[in-house]
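Please work out how this folds:
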Amino acid sequence: MPGKLYGIGVGPGDPELVTLKAKRILEGIDYIAIPKTSPGKGSKALSIVEGLLGGKKEIIELVFPMSFDEKVLEEGWGEAVAGVREKLDAGKNVAFITLGDPTVYSTYIYIHKTLKAEGYDIEIIPGVTSFCASAARVGISLGENKEGIAVIPSAYDCENLDSILDSFDNIVLMKVASSLPRLKDILKEKGLMDKAVLVSKCGFEDEVIEFDMEEASKSRHSYFSTMIIKKNGVR
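Have a look, this model is predicted:
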């Protein structure tokens, strides 16, 4: 009988934000699959849960190349699916761990869709998203009463950011470090420089929180950076 696949969100960085259900499953799992952008590179998701596993676990490293080449991506995804499928067919249960939540811009979903279509038993275990954790860390709300919320991935690819800023009360921009200069220009044009907060590596020891958008710079922020813009203010 084939094993079961779990897509487990491990939160943004603080191990204490991993859910009790995720911890229970990880303690009893046969294999843990970890996404990487290149072989041999460390895994932030694994670093979060290492102290919660209840002993040494077998690790499956899945390489998801950072590329816009569809052929390269398909090959990488295909190899990742094959690696998980092999363990499931051997009757082993596999947990694919991912930062934040598996349903929010996660590499896990490609494997989930493919193997679910093939009839495998699969379950998603939700996790705390980086933007929810960032809002909590700063002590602000993401939405109140009838306020609208927009969550935008990789802001540098967002061609309609102007209209989004005009249409929503609260805007979350994920993975913004590389696009900070452009974003700062837009915030100035919209009069929103004092309505934003930038959180990098939320929950990790080297977390950075910045309210001064004039001083915000790419060098101070990692790939895992989230900007929250609230028209009613972030302080």
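
So residue 106 versus residue 42, what's the distance?
Distance check for residue 106 against residue 42: by CB to CB, to the nearest Å, it reads 18 Å. All C-beta spots, glycine's among them, are computed from the backbone N, C-alpha and C.

So for these two, which residue has more residues nearby?
Comparing residue 106 with residue 42 by other CB atoms under 10 Å, the one with more neighbours is residue 106, at 20 against 9.

How is that one classified with respect to secondary structure?
With DSSP: H, G, I helix; E, B strand; the rest coil as the basis, residue 106 sits in coil.

Identify the residue nearest it in space, chain neighbours excluded?
Distance criterion CB to CB, 6 or more residues apart in numbering; nearest residue to residue 106, sequence neighbours excluded, is residue 98 at 4.7 Å.

okay, now the one you found: neighbour count?
With other CB under 10 Å as criterion, residue 98 counts 23.

surely it meets residue 8?
Yes - at 7.1 Å, residue 98 counts as touching residue 8 under the criterion of CB atoms under 8 Å.

Need the overlap of contacts for the two.
By the contact definition CB atoms under 8 Å, 6 or more residues apart in numbering, residue 98 and residue 8 are jointly contacted by residue 127.

Following element in sequence after the helix ranked longest in the chain, please.
Longest helix in the chain, counting residues (DSSP state H): helix 70-89. Next along the chain after helix 70-89, taking DSSP states H and E as the criterion, comes strand 94-98.

For whichever helix or strand comes after that next one, buried residues please.
Downstream of strand 94-98, the next assigned helix or strand under DSSP H and E is helix 108-117. For helix 108-117, the neighbour count (16 or more other CB atoms under 10 Å) marks 108, 109, 110, 111, 112, 114, 115 as buried.

My guess is the second one contacts residue 102. True?
Yes - contact criterion CB under 8 Å: residue 109 and residue 102 qualify, at 6.8 Å.

any shared contact partners between those two?
Shared contacts of residue 109 and residue 102 (CB under 8 Å, 6+ apart): residue 7.

No more questions from me, cheers.
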